[in-house]
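# this is a predicted model, with the sequence first.
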Amino acid sequence: QVQLQESGPGLVKPSQTLSLTCIVSGGSITTNYYYWSWIRQSPGKGLDWMGAITYSGSTYYSPSFKGRTSISRDTSKNQFTLQLSSVTPEDTAVYYCARLLTWQADYWGQGTQVTVSS
């Protein structure tokens, strides 16, 4: 059973960089052909896909975030990390990590609330 667990600060100040890590157990992030993704849900809105890193380390990003996102991985720890720069209060959301196969999510983390506020 694959499990994903998000970790990171619950409160970030405006203009700072948000960094979240997803720790994966029960499966390797280098296993063909899975992608590992970050998705968020802002208050009162739907799910918003942010980006993904593939089993081979390639990355894909949603253009909605105008180049503010970066996803990296540490294969030795079986985890991947999201960085979102220049955050504003509009980035307040519940952030989820998920495993994708053919761009469909089959496993999700429980989500972590991030609030952007001074």
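Everything's here; your move.

# the spatially most central residue of the chain: which element?
Closest residue to the average C-alpha location of the chain: W38 at 2.7 Å, with CA atoms, centre = their mean. Using DSSP states H and E, W38 falls within strand 35-41.

# count the neighbours of L100 for me.
18 (other CB atoms under 10 Å). Glycine gets a C-beta too; all of them are placed from N, C-alpha and C.

# same check, this time on S117
Neighbour tally, S117, other CB under 10 Å: 9.

# any idea how far it is from C97?
S117 is 23 Å from C97, where distance means CB to CB, to the nearest Å.

# ok, back up a step: the residue nearest to the centre of the chain against Y96, yeah?
Yes: contact status for W38 versus Y96: in contact at 7.2 Å, counting by CB atoms under 8 Å.

# before we move on, back to that, enumerate every residue touching the residue nearest to the centre of the chain.
By CB atoms under 8 Å, 6 or more residues apart in numbering, the residues touching W38 are 20, 22, 49-52, 69, 71, 82, 95-98.
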